[in-house]
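Chemist: Please work out how this folds:
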Amino acid sequence: MMLSQRIKSKKGMTIMELLIAVVIVGIVAAMAVPRFQIAYERIKFRAANREITSKIRLARSFAVSTKSQHGVYFDQAALSYILFKDVVNTGAMQFDAGDSIISLDTLPAVFSFLATDEINNSIVFRSNGSTPGTVNVVTLAVTPDIIAVHQHTILAATGRIETMSAYY
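Modeler: The predicted structure follows:
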């Protein structure tokens, strides 16, 4: 077939072919939407846990740079955490009423649990960046699509943070 004949040809897509293509694209898109929802919830969970890690690191940095105790208090009932300067009872290494609050953050609504293995729910850093003992902070998010658990482990001697997530 010559080029001039090909240009003059009136062949094209029929409406039926176009509808079939649209239906196929729709089916593929419908299959992908639940996966996007799960990915979005995981991203929100990871971002909130990165914020917690960031606050803990910031407390350690403040303690080292200002040569005074700073910490993070975890409020289990309100699912929030407070970055504070320990000024009231520095020997107790905990958050007390009257300590200087630097920031208060609340976890997103998908979170259903926030806890530490400390009795006073506080991580306090000394001026050298260490803590009195190794501390674990655990968060849990439960939605219809995912169950996610994250653990932050703060090492006593160095203040280093190790994190681990699991999704079910």
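
Chemist: and whichever strand or helix holds Leu18, what does it pack onto?
Modeler: Here Leu18, judged by DSSP states H and E, is contained in helix 15-66. Packing partners of helix 15-66 (3 or more C-beta pairs under 8 Å, 6 or more residues apart in numbering; DSSP states H and E): strand 70-75, strand 80-85, strand 100-106, strand 122-125, strand 135-142, strand 147-154, strand 161-167. Where you see a C-beta, it was placed from the backbone N, CA and C, and this is true even at glycine.

Chemist: For Leu18, see how far away Ser80 is.
Modeler: Distance from Ser80 to Leu18, counting by C-beta to C-beta, to the nearest Å: 54 Å.

Chemist: Sorry, wrong one. I was asking about Leu155.
Modeler: 62 Å.

Chemist: Looking at the two, which has the bigger crowd around it?
Modeler: For Leu155 versus Leu18, neighbours defined as other C-beta atoms under 10 Å are more numerous around Leu155 (14 against 11).

Chemist: Could you pull up the residues touching that one?
Modeler: 131, 134, 161-162 (C-beta atoms under 8 Å, 6 or more residues apart in numbering).

Chemist: What of Ile24?
Modeler: Applying C-beta under 8 Å, 6+ apart to Ile24 gives no contacts.

Chemist: Okay, now the unreliable bits of the chain?
Modeler: 1-12 (pLDDT under 70).

Chemist: rerun that using 80 as the cut-off
Modeler: Along the chain, segments meeting pLDDT under 80 span 1-13, 32-34.
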